[in-house]
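A.B. asks: My questions concern the predicted model and sequence given below.
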Amino acid sequence: MVVVYYTSPSFMDTVPEIIRGFKHAVELHVVIEISTQNMNSTNINVSSLDGLGVVENPEKVLGKEQWALFEPYFEGVASVKFVVHNKKQSLSWHSLKRAWQLGRYLKKLKADIFHFDTISPRALGLYPYLLGRKVIITLHDPVPHAGEDNWREDVPIIAFFRLAKAFVFYSEFAANEFKKHYNKIKVPVHTIRMQPLSFTKYFIKGARPEQGSILFFGRVSYYKGIDILMQAIPKVLAQFPDERFVIAGKPVFGYEIDMTPVKGFEKNVLVISRFLTTDEMVQLIRDAKFVVCPYREATQSGVIMTSYAVGKPVVGTTVGSFAEYIRDGVNGILSAPDPDALADAMIKALSNKRYLELEKNVDGNYNEDIGSQNGKVLLNAYSQALHNKKY
């Protein structure tokens, strides 16, 4: 079976863990869509796309040193290529032409399955090539997060959903949300599990630092509940006046952090409003007592899995699939998504340094059983699509 797996730098933290479970069972070709908007992500940092062809080898895009970190994860894969979009516009004549050129390359592979781990406007030019072919789509978020609606993202959804022979999700919650919002779509739905994002371990350097902060990291957006955290902070400081909070990440979709709730506590709150390099992110996690995810809504979270990979517990809210990944009182603490409940959860983690006990239960390693099961689920999805089987 020949499989083309199409993804982007944004998901290059999860992809190595997912393909590990099935890459030796198929002839796997990985295509990574890189653009000026995503060439700096959690794991990939590229200074320029100038001078690159449409379909490029990974070493030429990433450089020898950076590709050397990824290469072991792709051992056993038939090929890895980047499709390069060097213009900002995601939906344009330029992006269509680039996708057409990629289509000519893909045609030579004679693939049985096209698995999209991301669907983007830049892939729309592949649509004519994909007609009549077996398409599988992984959806990270079945519906847009609050405050992140983007009509450009709706266009490929309308187009590619019609091609899909099956959908894959990273949580039961996300799968159920999809069934609820797209109840007219009757193709099979499959669920796999995320694993700790072990690639981040490459960036763990030096002796273990003394834990000193409570950390929020990642994109800063309305749905992530920064306002909930800000309102909870004074309640925590009332009992633990020396605690320090770090909020690190680039605001998106025009979101602005309201510092009013922490007025008078400026020395306890550090805000780093910019994109973090992987080195910086890992160092902040290592410096933290625990990571806090005060989300008001969610599907699953790469933040949680990155935290686990670095060995840190998570205080999170009871939204989305968080309860599928955070075991309350074991490797983290769950709370309702409101300031009082979140404050109580953080106080619980701080009391008698309970976060140290939670940390002992964090497993940041790749789980072979989960990896094998993920592989079986995907191979079953591919087989069903090839033979037009239904549930």
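C.D. replies: Ah, there it is.
A.B. asks: What mean pLDDT does the one helix or strand Lys376 maps to get?
C.D. replies: Under the criterion DSSP states H and E, the helix or strand holding Lys376 is helix 368-386. Averaged over helix 368-386, pLDDT sits at 96.
A.B. asks: and Gln195, how far is that from Asn183?
C.D. replies: Using CB to CB, to the nearest Å, one obtains 30 Å as the distance from Gln195 to Asn183. Heads up, the C-betas are built off the backbone N, CA and C, glycines and all.
A.B. asks: Which one's more surrounded, the two?
C.D. replies: In terms of neighbours (other CB atoms under 10 Å), Gln195 is the more surrounded of Gln195 and Asn183; the figures are 23 against 8.
A.B. asks: does Ala207 sit in a helix, a strand or a coil?
C.D. replies: At Ala207 the chain is in coil, as set by DSSP: H, G, I helix; E, B strand; the rest coil.
A.B. asks: returning to that earlier point: may I see the buried residues of the helix holding Lys376?
C.D. replies: Buried residues in helix 368-386, defined by neighbour count with 16 or more other CB atoms under 10 Å: Gly371, Asn374, Gly375, Val377, Leu378, Leu379, Ala381, Tyr382, Gln384, Ala385.
A.B. asks: and of those residues, the nearest to Pro261?
C.D. replies: Distance from Pro261 was checked for each of these by CB to CB. The minimum falls on Asn374, at 40.9 Å.
A.B. asks: Doesn't Arg286 lie inside a helix?
C.D. replies: Yes: with the criterion set as three-state DSSP, the secondary structure at Arg286 is a helix.
A.B. asks: Give me the distance between the closest residue to it other than its chain neighbours and Ile326.
C.D. replies: Closest residue to Arg286 apart from its sequence neighbours, by CB to CB, 6 or more residues apart in numbering: Pro209 at 5.5 Å. Going from Pro209 to Ile326 by CB to CB gives 24 Å.
A.B. asks: So those two - more neighbours on which side?
C.D. replies: Taking neighbours as other CB under 10 Å, Pro209 and Ile326 compare with Ile326 leading, 25 against 10.
A.B. asks: can you tell me which residues contact that one?
C.D. replies: With contacts taken as CB atoms under 8 Å, 6 or more residues apart in numbering, Ile326 has the following neighbours: Ile304, Val314, Gly316, Gly332, Ile333, Leu334.
A.B. asks: try 6 Å this time
C.D. replies: Ile326 makes contacts with Val314, Gly316, Gly332, Leu334, as judged by CB atoms under 6 Å, 6 or more residues apart in numbering.
A.B. asks: Please apply the same query to Met230.
C.D. replies: The contact partners of Met230, by CB under 6 Å, 6+ apart, come to Pro261, Val262.
A.B. asks: Could you dump the buried residues of helix 368-386 into a markdown table and include distance to Asp340?
C.D. replies: Shown next, in a markdown table, are the buried residues of helix 368-386 (distance: CB to CB, whole Å):
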| residue | distance to Asp340 |
| --- | --- |
| Gly371 | 39 |
| Asn374 | 38 |
| Gly375 | 43 |
| Val377 | 39 |
| Leu378 | 42 |
| Leu379 | 46 |
| Ala381 | 43 |
| Tyr382 | 47 |
| Gln384 | 47 |
| Ala385 | 48 |
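A.B. asks: would you put the C-alpha positions of stretch 163-175 in PDB?
C.D. replies: Taking Å, rounded to 0.1, in the frame of the first residue of the first chain, the C-alpha atoms of stretch 163-175 are listed here in PDB:
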ATOM      1  CA  LEU A 163     -13.500  13.900  -1.000                       C
ATOM      2  CA  ALA A 164     -13.000  12.200   2.400                       C
ATOM      3  CA  LYS A 165     -13.500   8.500   2.700                       C
ATOM      4  CA  ALA A 166     -12.800   8.700   6.500                       C
ATOM      5  CA  PHE A 167     -11.900  11.200   9.200                       C
ATOM      6  CA  VAL A 168      -9.400  10.800  12.000                       C
ATOM      7  CA  PHE A 169      -9.400  12.600  15.400                       C
ATOM      8  CA  TYR A 170      -7.100  12.800  18.400                       C
ATOM      9  CA  SER A 171      -9.800  12.500  21.000                       C
ATOM     10  CA  GLU A 172     -13.300  11.100  21.500                       C
ATOM     11  CA  PHE A 173     -14.400  14.600  22.300                       C
ATOM     12  CA  ALA A 174     -13.300  15.900  18.900                       C
ATOM     13  CA  ALA A 175     -14.900  12.900  17.100                       C
END
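A.B. asks: in the chain, which spans are helices?
C.D. replies: For the chain, helices defined by DSSP state H occupy the ranges 15-19, 58-62, 64-70, 93-107, 127-130, 151-161, 172-181, 226-239, 278-287, 302-310, 322-325, 339-350, 354-360, 368-386.
A.B. asks: so what does the helix holding Lys376 touch, helix or strand wise?
C.D. replies: Identification of packing neighbours for helix 368-386 by 3 or more CB pairs under 6 Å, 6 or more residues apart in numbering; DSSP states H and E yields strand 134-138, strand 164-169.
A.B. asks: count of neighbours near the spatially closest residue to Val220 that is not a sequence neighbour?
C.D. replies: With sequence-adjacent residues excluded and distances taken as CB to CB, 6+ apart, Val220 is closest to Pro251, at 4.3 Å. Number of residues near Pro251 (other CB under 10 Å) recorded here: 16.
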